[in-house]
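**Q** Got a predicted structure here, sequence first:
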Amino acid sequence: MQGVGEDPFGRDRDWTGNTPLSYPDPAWEVTDSRFTARQGNATLQRIWHGDGHDAALWVEGPVWMGDWGCLIWSDIPNHRTLRWCEEDGHVSLFQTESNYANGHTRDNQGRLVACEHDTRRVTRREYDGGWTVLADAYEGKPLNAPNDAAVHADGSVWFTDPGYGILWPYEGHVATPEQPTRVYRVDGATGEISAVADGPMHRPNGICFSPDYRLVYVVDSGATDGPQYAANIIEFDVTPTAPESATRGYLPTSHPASPTASAATHRATCGAAGVGVDRIPTGCAFTRPTAHRWLACTRLK
């Protein structure tokens, strides 16, 4: 039976699945006592990490495509998106020339929505495979580099714009920011773009709604700029009469690294509960309810 090895980060773990594992899985590390949903028989599996020239460099933005039976995610520096097939575990290239896409989600019609760093825009994949630009500027100035998105029940697309994609060439290209770091909303009927939050986040990153869509949670990963900035999850009210949101409160995390991405479920945030191996989640998604799978992209600690 495999247990905790000599390496406290589990880097000596057998990821093939051939070695029996004792419960509870030693890979799970709960860093916030408010998280009580861990199942005793939940195991951590690695479904893909790449090999050789095909290895990933920085994976983010997973989205579950239930009708396709697959997970799609970004490998940002490699300028591509990948696809994992649930039926046989096969991983294939979904998109080349991805414009250094980061976050993904689906709209209420099932269409894929992508946040592209290099082109500094939010796009939507149509049923015929073409792409429609939802947002690339606000008040006549280009966006910084949209990062993550979530879709409201009313059809509006909300996205964060922390600017990471223009800070260095690894995730896009270097450029001068022309907007404050913000959260934006694209009206589902008119396409009008509104700035819904100018703060208090330093680097608004992951975003998700509560199940009743009355609250929106925004991850502030500002701590990536230094310890003087916060690593918080900020809770906003979604006002029913206007495309605006008002600060409601803070949900500070206790993770030593700032949280980065939110999954579309109530307060489920990658980074708030870490994975006790050598990696930190950068994004997560859930499969169909009957599968009971939580899928995450990770990076090295």
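**A** Received the coordinates, thanks. Residues are numbered from 1 along each chain as shown.
**Q** any weak-confidence spans in the stretch 201-301 of the chain?
**A** The stretch 201-301 of the chain contains residues with pLDDT under 70 at 240-301.
**Q** same thing but at 50, please
**A** Along the stretch 201-301 of the chain, the parts satisfying pLDDT under 50 run over 242-243, 246, 250-279, 300-301.
**Q** In contact with residue 166, which residues?
**A** 117, 120, 144-145, 172-177 (C-beta atoms under 8 Å, 6 or more residues apart in numbering). Where C-beta positions appear, they are placed from N, C-alpha and C, glycine not excepted.
**Q** again, but for residue 89
**A** Contact partners of residue 89, counting by C-beta under 8 Å, 6+ apart, are residue 47.
**Q** still on that earlier bit, narrow the contacts of residue 166 to those that are buried.
**A** Buried members of these, scored by 16 or more other C-beta atoms under 10 Å, are 117, 120, 144-145, 172, 177.
**Q** For the contacts of residue 166, which two are the farthest from each other?
**A** For these, the farthest-apart pair by C-beta to C-beta is 117 and 176; their separation is 15.0 Å.
**Q** Flag the least confident of the contacts of residue 166.
**A** pLDDT across the contacts of residue 166 is lowest for residue 172, at 91.
**Q** State the distance from that one to residue 61.
**A** The spacing between residue 172 and residue 61, counted by C-beta to C-beta, to the nearest Å, is 14 Å.
**Q** Need phi/psi at residue 223.
**A** Reported as degrees, to the nearest 10, the phi and psi values for residue 223 are phi -60, psi -10.
**Q** For it, give its distance to residue 209.
**A** For residue 223 relative to residue 209 (C-beta to C-beta), the value is 24 Å.
**Q** same thing with residue 74?
**A** On the measure of C-beta to C-beta, residue 74 and residue 209 end up 21 Å apart.
**Q** one step back: can you lay out the buried ones among the contacts of residue 166 as a markdown table showing distance to residue 203 and secondary structure?
**A** Listed next are the buried ones among the contacts of residue 166 as a markdown table, based on distance: C-beta to C-beta, whole Å; DSSP: H, G, I helix; E, B strand; the rest coil:
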| residue | distance to residue 203 | secondary structure |
| --- | --- | --- |
| 117 | 14 | coil |
| 120 | 16 | coil |
| 144 | 10 | coil |
| 145 | 11 | coil |
| 172 | 15 | coil |
| 177 | 11 | coil |
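**Q** ok, these vs residue 195, which is closest?
**A** residue 144 (12.2 Å).
**Q** Now for the residue lying closest to the closest one once chain neighbours are set aside: which residues touch it?
**A** Leaving aside its sequence neighbours, residue 144 sits nearest to residue 163 (C-beta to C-beta, 6 or more residues apart in numbering; 3.6 Å). For residue 163, the contact set (C-beta under 8 Å, 6+ apart) comprises 144-145, 177, 181, 203.
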